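# generate a structure from the sequence data that follows.
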Amino acid sequence: MLVGIDRVNEALQLRPNGKPRFYVCRSCQNLIREFYEYRYPDNRDGKPTKEEPLKVNDHAMDALRYLIMHIMGGMHITVAKNPMFNRRKPGRR
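Numbers count the residues shown, from 1 in each chain. Predicted coordinates for the structure are as follows:
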């Protein structure tokens, strides 16, 4: 997960031309809300205690992380083969 968070941070950095690599459409209200709500746990001093963010209302952030990992590399998706989809229909070869 931490590699994915690093990749999202990289995508949010400005390029040398001053433009971001990544834009969020204003119609993506859930993603925008989750950007504002994304938090790490605090200890009593108010400093983060762990490197992992709180797992609360973060589905859109997870989806963004998966997308960026897929685009920028570092994530390989394995699809399990389902024998049901390997069956041929009668009369087809």
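
# okay, buried residues for the lengthiest helix in the chain please.
In terms of residue count, the longest helix belonging to the chain (DSSP state H) is helix 59-72. Within helix 59-72, the residues that count as buried by 16 or more other CB atoms under 10 Å are 60-61, 64-65, 67-69, 72. C-beta: built from backbone N, CA, C; applies to glycine.

# packing partners of it?
helix 2-12, helix 29-37 (3 or more CB pairs under 8 Å, 6 or more residues apart in numbering; DSSP states H and E).

# picking up where we left off before, could the buried residues of helix 59-72 go into TSV alongside pLDDT and distance to Glu52?
Below are the buried residues of helix 59-72 laid out as TSV (pLDDT from 0 to 100; distance: CB to CB, whole Å):
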residue	pLDDT	distance to Glu52
Ala60	91	18
Met61	90	13
Leu64	90	16
Arg65	88	12
Leu67	88	20
Ile68	88	18
Met69	87	16
Met72	75	20
